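Colleague: Structure for the following, please:
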Amino acid sequence: MTSKEIRQSFLDFFASKDHKIVPSAPMVIKDDPTLMFTNAGMNQFKNIILGNDPIKYPRVADSQKCLRVSGKHNDLEEVGHDTYHHTMFEMLGNWSFGDYFKKEAIEWAWEYLTEWLKLDKDRLYATVFEGSPSENLGRDDEAAQIWAQFLPAERIINGNKKDNFWEMGDTGPCGPCSEIHIDIRSDEERSKVDGLSLINQSHPQVIEIWNNVFMQYNRKADGSLEELPAKVIDTGMGFERLCMSVQGKISNYDTDIFQPIIKEIGKITNRTYGENEKTDVAMRVIADHIRTIAFSITDGQLPSNAKAGYVIRRILRRAVRYGYTFLEQRHAFMYKLIDVLCDVMGGAYPELIAQKTLIEKVIKEEEESFLRTLETGIKLLDKLIDEAKKGRKTEISGVDTFTLYDTFGFPLDLTELILRENGMTADIEGFNSEMQKQKERARNAAAVETGDWITVREGESVFVGYDKTETETEILRYRKVSQKNKSFYQIVLSETPFYAEMGGQVGDKGSLSLNPSPVERDFEEGDAVLIFDTKKENNLSVHLTNALPKDVTATFTAKIDTEKRQSTANNHTATHLLHEALREVLGTHVEQKGSYVSPESLRFDFSHFQKMTREEIREVEAIANRKIRENYPLEEMRETPIAKAQEMGAMALFGEKYGETVRVIRFGTSTELCGGTHVKATGNIGMVKIISESSIAAGVRRIEAITGKAVEDLLNKTQDTVNDAKEMFNNVPDLNKAIQKTLDENSELRKQVESFMHERIMNLRDKLIAEAKEENGVKVIRFRAELPTDAVKTLAFQIKNKLTENAVESVNLSLMVAIGSVYEGKPSLTVLLSDDLVAQGHNAVNITREAAKLIQGGGGGQPHFATAGGKNADGLDKAMELMKL
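Modeller: Alright, predicted model coming up:
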């Protein structure tokens, strides 16, 4: 069976068992602060399991795109070095929410594996939870008895809590699990060593392929367990491992999922897979990582230096590094693999084909950027090696090694490889120490302590913000959060008009005020609190406040800041109008890649492959502003079936997970799926103005814009600037012409000043050479000047050049130039040494560093030339006294 057939057979099997087949959720998670990436099949059902979302279908199955590189599931460093770890993988899974339980889950797993896939029953093993006396939990005899229908007792293995008890977190749903393992070794190997002894021993050919989790308990905050009223089945089967087992391979990378990619890598790099272990590892790394990178981009996550984007950039650079080091690739090449990746996976995931051009451009630009980084790092490392050799050292310090890694992005293992080639080593202990210091700094900066939820009353939270700006409400629960010696509270309300940050739109601000009874008492302090932000967490609107109301059991009025809401709505609707206008002007290849909408401005990221011209920007603005003037009313359709919305031409975003019903927002011909807040009619916006256009990644542009009052303020400020400029030029009729004339005159004057300065430096050079002194066989020129730093540098090198014009003098010359200067009140120091003095161990950087302390400054440079700047001009004379050999 091919991988495509295996994937489809799984879905078909569970469809035959009355499961709803749902599409994969995006691999990149946008609205869950606890996760950056989908790392398990259950992620998209998390809110159902927690009880925050209703159960639409009691039985569900899917094939889910997953990514594991950090945290609990950190597989990154294993990838490529073994045969079965991956960054991106597919998780086949089936779920039951309060419907079937252990019996059906186990029986269907056995039926699918042995009857549909025809796996050898004698190669299969099952594990069951052995129990935990400390928690008063016995062995999972129920699961064991079900397995006994299919497996002999010796192949039903007791597993400990680590392997056979699954928990969502410190609190929440949990329960025992039963793993299915397969032994794919040869018959000869199996006859020598019983597979039983290799279960959960990290053997590459005795592996877990399917885990059945039986969520039957709830872990309370005090650590105790209670039975769940509605039990959940959550299963996950690694697709790549399953394909290896079905296709009779001994490595995931030998299956038809990876082999076409690996063969293409071999073709591009002129290598053959299987001939050399180091190149094999590199090819496996690249074949794995290209899938991760491509799917992340299709799901809306571009490589960057922050959060999820940093993870993707790190994975991409790891792949480039392996290609550079082991496949000798000095030019971008991974982007060329997207064609074959689309052939392999485009059928199951058509978003790959739809986004192919963008994926290729992003990867190519990232490759080229990192290859430039590698070149820079090699130059810096070569310099460190040269300096170490001059000092007869064989080790590069941990500080220098970490600086290469952290500041310049140069990989440690590549540093070690180059050092070995030069008979040197890196101070790994020192490197690890610097790494630990950085981690501690990051940990201290990000440390968050979150208290348990305190329930005030039971109930569901309802959002009414599309229709109301204030509402009567009650507090359902709250908790305290502490970070960086600050603390605040999170509150969940029974009914809220506050929009929670989502889909690029910022959360509402406002207040929560007691509904006082005038008869009983006056309004007192603590009866009202400010809500400074609203976030989405596990599908709940969480309101952030610095203090709790005095009486959390009371009834309150929740009221948003209507002025900020209106400004945000202006900007959000303007975003829709600009999106449509961009597609009209630039072409239908334009698709939204991200957005940020706040009361002050809007930001819109979109696919486009070149800088917009001034004329294109004007045309986009004109179209959007025309639609504002035409005052199209808001047409809102809240519970529209997704299929109908698509028939209506509603724009959807790649990387977004939509339910079966969606909210459609239409203004004239602009139709989008959107959950944000909008104006009642486009005329409310007033006007939109694009204030910047830039590139944020290969094939992705960004515009920033303002609306309404902000445009008015900008126009007034711009007009004031123009009027002020006209007054400076005596109200000339043609301001541009007057400015150009002034620029031309200024350019001519600069040339004259440069000529005068050059002549002055040449005269000063000759004078200083004539007055030079000999000190211990060294020609020393020490001088205090009043020159800018660039002129001082020119003077120093002109002196050296003049003295070395004669070849004989050049060989025998020992020279030190030491210049102190004060220019515009700022002191500077400059030291130049001849090469022979550097060879003797003298260093211009050390000389200037010590002297710079007296002018309250610092600097740097190279052994033969260094400069320093400072703040204290009064210390210059004493500093110059220290500028000596």
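Colleague: With adjacent residues omitted, what lies nearest to Tyr658?
Modeller: Ile642 (5.6 Å; CB to CB, 6 or more residues apart in numbering). In this view, the C-beta of every residue, glycine as well, is placed from N, C-alpha and C.
Colleague: residues touching the one you found, list them.
Modeller: Counting by CB atoms under 8 Å, 6 or more residues apart in numbering, Ile642 touches Tyr658, Gly659, Glu660, Thr661, Val662.
Colleague: Quick one: which of the residues you listed is the most crowded by neighbours?
Modeller: Val662 (22 neighbours; other CB atoms under 10 Å).
Colleague: Mind jotting down where the strands sit in the stretch 751-885 of the chain?
Modeller: Along the stretch 751-885 of the chain, the stretches classed as strands by DSSP state E, counting those that start in this stretch are 773-775, 778-785, 815-823, 826-833, 858-862, 865-869.
Colleague: could I have the third one exported to CSV, CA atoms only?
Modeller: Coordinates of the C-alpha atoms in strand 815-823 are reproduced here as CSV (Å, rounded to 0.1, in the frame of the first residue of the first chain):
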residue,chain,number,x,y,z
LEU,A,815,55.8,53.2,14.0
MET,A,816,53.3,54.3,16.6
VAL,A,817,50.8,57.1,15.9
ALA,A,818,48.8,58.3,18.9
ILE,A,819,46.2,61.1,18.4
GLY,A,820,43.9,62.6,20.9
SER,A,821,41.2,64.9,19.6
VAL,A,822,38.3,67.0,20.9
TYR,A,823,35.6,67.8,18.3
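Colleague: What strands line up against that strand, and which way round?
Modeller: Strand pairing for strand 815-823, determined by DSSP bridges: strand 778-785 (parallel), strand 826-833 (antiparallel).
Colleague: can I get these in JSON lines with mean pLDDT, distance to Leu578 and mean neighbour count?
Modeller: Listed next are the strands paired with strand 815-823 as JSON lines, based on pLDDT from 0 to 100; distance: least, CB to CB, whole Å; neighbours: other CB atoms under 10 Å:
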{"stretch": "strand 778-785", "mean pLDDT": "93", "distance to Leu578": "56", "mean neighbour count": "18"}
{"stretch": "strand 826-833", "mean pLDDT": "95", "distance to Leu578": "47", "mean neighbour count": "24"}
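Colleague: quick check: domain ranges of the protein?
Modeller: 3-257, 258-367, 449-560, 566-716, 752-882 (automatic domain parsing).
Colleague: show me the contacts for Phe165.
Modeller: By CB under 8 Å, 6+ apart, Phe165 lies in contact with Phe129, Ser132, Leu137, Cys174, Gly175, Pro176, Cys177.
Colleague: Likewise for Glu90?
Modeller: Neighbouring residues of Glu90 by CB under 8 Å, 6+ apart: Arg7, Ser24, Ser63, Gln64, Lys65, Cys66, Gly238, Phe239, Glu240.
Colleague: In a strand, it, correct?
Modeller: Yes - if the criterion is DSSP: H, G, I helix; E, B strand; the rest coil, then Glu90 is within a strand.
Colleague: Look up how far Ile531 lies from it.
Modeller: Noted for Glu90: a distance of 41 Å to Ile531, by CB to CB, to the nearest Å.
Colleague: Mind listing what's buried along stretch 222-236?
Modeller: Buried residues in stretch 222-236, defined by neighbour count with 16 or more other CB atoms under 10 Å: Leu225, Leu228, Lys231, Val232, Ile233, Asp234, Thr235, Gly236.
Colleague: what's the answer for stretch 355-374, then?
Modeller: In stretch 355-374, counting by 16+ other CB under 10 Å, buried: 355-356, 358-367, 369-371, 373-374.
Colleague: picking that back up, going by distance to Lys680, which of the contacts of Glu90 wins?
Modeller: Closest approach to Lys680 among those (CB to CB): Ser24, at 37.2 Å.
Colleague: Test my guess that the closest one contacts Leu67.
Modeller: No - look at Ser24 against Leu67 with CB atoms under 8 Å: they stay out of range, at 11.9 Å.
Colleague: More neighbours: which of those two?
Modeller: Neighbour count, other CB under 10 Å: between Ser24 and Leu67, Leu67 has more, with 28 against 21.
Colleague: Quick check: phi and psi on that one?
Modeller: Per-residue torsions, Leu67: phi -140, psi 130 (degrees, to the nearest 10).
Colleague: bridging residues for it?
Modeller: Per DSSP bridges, the residues bridged to Leu67 are Met88.
Colleague: With Ile819 instead?
Modeller: Ile819 has these beta-bridge partners by DSSP bridges: Phe783, Thr830.
Colleague: show me the contacts for it.
Modeller: Contact partners of Ile819, counting by CB under 8 Å, 6+ apart, are Arg782, Phe783, Arg784, Ala785, Val792, Leu795, Ala796, Leu829, Thr830.
Colleague: hmm, try it at 10 Å
Modeller: For Ile819, the contacting residues are 768, 781-785, 787, 789, 792-793, 795-796, 799, 828-832, 867, 880, 883, by CB atoms under 10 Å, 6 or more residues apart in numbering.
Colleague: for Asn94, same thing?
Modeller: Contact partners of Asn94, counting by CB under 10 Å, 6+ apart, are 10-11, 13-14, 17, 19, 21, 41, 59-62, 100, 104-105, 108-109, 112, 212, 233-237.
Colleague: Can you say which of those are buried?
Modeller: 10-11, 13-14, 19, 41, 59-62, 100, 104-105, 108-109, 112, 212, 233-237.
Colleague: hang on, the earlier thing: and the contacts of Ile642, which is closest to Arg565?
Modeller: Top of the list for closeness to Arg565, among the contacts of Ile642 and by CB to CB, is Val662 at 22.4 Å.
Colleague: Make sure the closest one is indeed in a strand.
Modeller: Yes - Val662 sits within a strand when classified using three-state DSSP.
Colleague: Report pLDDT for it.
Modeller: pLDDT for Val662: 92.
Colleague: roughly how far apart are it and Arg123?
Modeller: 46 Å.
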